[in-house]
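Undergrad: next one to model:
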Amino acid sequence: MTSTMAWFPLLLTLLIHCTGSWAQSVLTQPPSVSGGLGQKVTISCTGSRSNIGIAGVNWYQQLPGKAPKLLMYGSSDRLSGVPDRFSGSTSGNTGSLTITGLEAARRSPSLVLEAGATSVLLV
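TA: Alright, predicted model coming up:
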């Protein structure tokens, strides 16, 4: 019997908005991350300065037509009701969000990373 695995790509598109003293900072992240159903993916974002390590990272989820919903704050603290399959961390000037047990979504999810006054929309 042949088994097939449906792959659930997680495409990341970037929208960066910088203000104030953060305007000189550059955030770098991979153009895309993908994983199969039930697998684990890690999304990372590296700042050219120590902005991520100092300010921490807030992660949001945004569905089409909906306002962004805060998932994690302070790099690793989940909001109440956010499943523990979402975890965050920072190391130096890199913030990471790990999602285990990928599930298929009915709509394309997106994530927003916010480091200080810098926001990155990951679609």
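
Undergrad: quick one, what contacts residue 77?
TA: By C-beta atoms under 8 Å, 6 or more residues apart in numbering, residue 77 lies in contact with residue 88. Every residue, glycine included, has its C-beta placed from N, CA and C.

Undergrad: what sits opposite it in the beta ladder?
TA: With DSSP bridges as the criterion, residue 77 is bridged to residue 73.

Undergrad: same check on residue 34?
TA: residue 9.

Undergrad: neighbours around it, how many?
TA: 13 (other C-beta atoms under 10 Å).

Undergrad: go ahead and confirm it touches residue 40.
TA: No. With contact defined as C-beta atoms under 8 Å, residue 34 does not count as touching residue 40 (11.7 Å).

Undergrad: identify the bridge partners of residue 88.
TA: residue 97.

Undergrad: can you check the pLDDT for it?
TA: We have a pLDDT of 87 for residue 88.

Undergrad: what does residue 27 give?
TA: For residue 27, pLDDT reads 72.

Undergrad: where does pLDDT dip in this structure?
TA: In the predicted model of the chain, residues 1-25, 31-32, 50-55, 63, 103-123 satisfy pLDDT under 70.

Undergrad: so which residues of it form helices?
TA: 51-55 (DSSP state H).

Undergrad: quick one: the strands in it?
TA: For the chain, applying DSSP state E gives strands covering 7-11, 16-17, 27-28, 32-36, 41-47, 58-62, 69-73, 77-78, 86-91, 94-99, 110-115, 118-122.
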